[in-house]
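1. my questions are about this predicted structure, shown below with the sequence.
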Amino acid sequence: MHTIKPANIEVTSAASAQEALRAEPVALSEPTPAINDYMAARLDRFDLPKNLREAIGYALLAGGKRGRPVLLVQCCRAVGGEAEAALPAAMAIELIHSFSLVHDDLPAMDNDDLRRGKPTVHKKFGEAMGILVGDAMMSLAFQILSPPEVSMDLVGPLARELAQGTTAMIAGQVYDTLGGFTPDETDASRLNLIHRNKTGALIRSACRMGAIVGRADEGALDGITRYGEAVGLIFQIVDDLLDIEQTVEHTGKRTNKDAQAGKLTYPAVHGAPASRARIEDLRQVAQAAIEPLGAKAAALAELCDFLAVRTK
Ligand code: IPE
Ligand code: IPE
Ligand code: MG
Ligand code: MG
Ligand code: MG
């Protein structure tokens, strides 16, 4: 079992600033082994049919950047909490995120064959299993948020936060896939509604859950919330740009698919240069939001800079 030590976030001076930012930051790579170990061990303790366990392990354990659980752990640390205490909530958020990907890829949704560099769950295990794996991951996420791993007084606040983020993510997927907007909305306001819900809400919840585990005071929780909202929007704008700028080999998922599918994306509505400018504005908003937390939030500052320039 890996233990989590405080992040050393020094960037080597040899690499150019841009290259250093594009390299995987210590703030992302350092907590990831402990998160992966915890998830693998915890998954084995659920009483599940062998085929369901196999398909969930396939969806959850191999591949994925672990962006949300890492944000959760680092937000916990940024408010003075212990990383180990955040691992159950970190697994819960990654289960919800991974469930959202399994369902996002289904034929009735984005109909994708490749995810995290491998065949999608429904391609590998069939469509019924794809649906049921997603269902199971959603309920397992809430099952994890209970004593003894989670203090009794935190169960309610964490479950409520995770449920709100999940409901918003599902609402966002409905906007993205089926519409449902009020008639007076412009493409730009529809886009905001899609992005803030389908991706932003779960990232906001990841950050807030970390702060809740770390028993943040009201001011710190407010700063973390604003950070999470900005980073959440950055995340989907970058995802939209990767769809038009990157290859399937590099990202491990199909690219050049959004325009074909007629999706409302940031570059489609505003253009790529304005998308980049928006990312930079949001990056500054995120950095300002965590400034009052001081040196404890150094890893969050590093993560935000990385997520703004990531290439996969
Ligand atoms: C992809 O999320 C889908 C979005 C919500 C943008 P990630 O880019 O975090 O995917 P993984 O978890 O690393 O596979
Ligand atoms: C996915 O958005 C959002 C959720 C899964 C909630 P996308 O459909 O853009 O994600 P990718 O590009 O397939 O990873
Ligand atoms: Mg989608
Ligand atoms: Mg998709
Ligand atoms: Mg996408």
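-> Good, I have the coordinates. Ligands and ions are numbered 1, 2, ... in the order given.
2. ok, Gly232 to ligand 2 distance?
-> Using C-beta to the nearest ligand atom, to the nearest Å, Gly232 is found at 11 Å from ligand 2. Every C-beta, even on glycine, is put in place using the N, C-alpha and C of the backbone.
3. what's the host helix or strand of that residue packed up against?
-> Using DSSP states H and E, the element containing Gly232 is helix 218-245. Counting contacts by 3 or more C-beta pairs under 8 Å, 6 or more residues apart in numbering; DSSP states H and E, helix 218-245 packs against helix 67-78, helix 187-195, helix 201-213, helix 266-270, helix 272-290, helix 298-309.
4. could those helices be laid out in CSV, adding distance to Ala230?
-> Shown next, in CSV, are these (distance: least, C-beta to C-beta, whole Å):
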stretch, distance to Ala230
helix 67-78, 12
helix 187-195, 12
helix 201-213, 9
helix 266-270, 14
helix 272-290, 4
helix 298-309, 8
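5. I'd say Leu191 and Lys263 touch.
-> No: applying C-beta atoms under 8 Å as the test, Leu191 and Lys263 come out as separate, 9.7 Å apart.
6. so the two - more neighbours on which side?
-> Here Leu191 and Lys263 are set side by side on neighbour count (other C-beta atoms under 10 Å), and the busier one is Leu191, at 23 against 16.
7. and stretch 190-208, end to end?
-> End-to-end span of stretch 190-208 (C-alpha to C-alpha, to the nearest Å): 25 Å.
8. for stretch 239-255, same thing?
-> Start-to-end, stretch 239-255 (C-alpha to C-alpha) is 10 Å.
9. so what touches that stretch?
-> By C-beta atoms under 8 Å, 6 or more residues apart in numbering, the surrounding residues in contact with stretch 239-255 are 63, 112-118, 199, 256-259, 265-268, 272, 275-276, 310-312.
10. thinking again about what came up before, could the helices and strands packed on helix 218-245 go into TSV alongside distance to Glu30 and mean pLDDT?
-> Converted to TSV, those look like this (distance: least, C-beta to C-beta, whole Å; pLDDT from 0 to 100):
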stretch	distance to Glu30	mean pLDDT
helix 67-78	9	98
helix 187-195	29	97
helix 201-213	15	98
helix 266-270	30	98
helix 272-290	18	98
helix 298-309	8	97
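11. for the residue in the stretch 1-150 of the chain that ligand 4 sits nearest to, give me its contacts.
-> Ligand 4 sits closest to Asp110 of the stretch 1-150 of the chain, with a gap of 3.6 Å, by C-beta to the ion. Asp110 sits next to Asp104, Thr177, Lys257, Ala261 when contact means C-beta under 8 Å, 6+ apart.
12. same check, this time on Gly214
-> With C-beta under 8 Å, 6+ apart, Gly214 has these contacts: Cys75, Cys76, Arg77, Ala78, Val79, Gly80, Gly81, Glu82, Ala85, Ala86.
13. most neighbours among those, which one is it?
-> For the contacts of Gly214, neighbours were counted using other C-beta under 10 Å, and Cys75 has the most, 34 neighbours in all.
14. against Leu71, how distant is the spatially closest residue to it that is not a sequence neighbour?
-> Spatial nearest neighbour of Cys75, chain neighbours left out: Gly210 (3.0 Å); criterion: C-beta to C-beta, 6 or more residues apart in numbering. As for Gly210, its distance to Leu71 is 7 Å (criterion: C-beta to C-beta, to the nearest Å).
15. now Met91
-> Computed as C-beta to C-beta, the Met91 to Leu71 distance reads 14 Å.
16. more neighbours, those two?
-> Leu71 (34 against 26).
17. how many neighbouring residues does the closest residue to that one other than its chain neighbours have?
-> Using C-beta to C-beta, 6+ apart and skipping residues adjacent in sequence, the residue nearest Leu71 is Ala206, 4.8 Å away. The local packing of Ala206 (other C-beta under 10 Å) involves 32 other residues.
18. which residues touch Ala206?
-> Counting by C-beta under 8 Å, 6+ apart, Ala206 has contacts Arg68, Pro69, Leu71, Leu72, Cys75, Ile93, Gly165, Gly228.
19. from the middle of its chain, how far away would the helix or strand Asn51 falls within be?
-> Element membership for Asn51, per DSSP H and E: helix 50-60. On the basis of C-alpha atoms, centre = their mean, to the nearest Å, helix 50-60 sits 20 Å off its chain's mean C-alpha point.
20. using PDB, write out every CA atom in that helix.
-> The C-alpha atoms that make up helix 50-60 are tabulated as PDB, following Å, rounded to 0.1, in the frame of the first residue of the first chain:
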ATOM      1  CA  LYS A  50     -17.600 -12.300 -11.000                       C
ATOM      2  CA  ASN A  51     -18.500 -10.900 -14.500                       C
ATOM      3  CA  LEU A  52     -19.700  -7.600 -13.000                       C
ATOM      4  CA  ARG A  53     -16.500  -7.300 -10.900                       C
ATOM      5  CA  GLU A  54     -14.400  -7.900 -13.900                       C
ATOM      6  CA  ALA A  55     -16.200  -5.300 -16.100                       C
ATOM      7  CA  ILE A  56     -16.100  -2.700 -13.300                       C
ATOM      8  CA  GLY A  57     -12.400  -3.300 -12.800                       C
ATOM      9  CA  TYR A  58     -11.900  -2.900 -16.500                       C
ATOM     10  CA  ALA A  59     -13.700   0.400 -16.500                       C
ATOM     11  CA  LEU A  60     -12.200   1.800 -13.300                       C
END
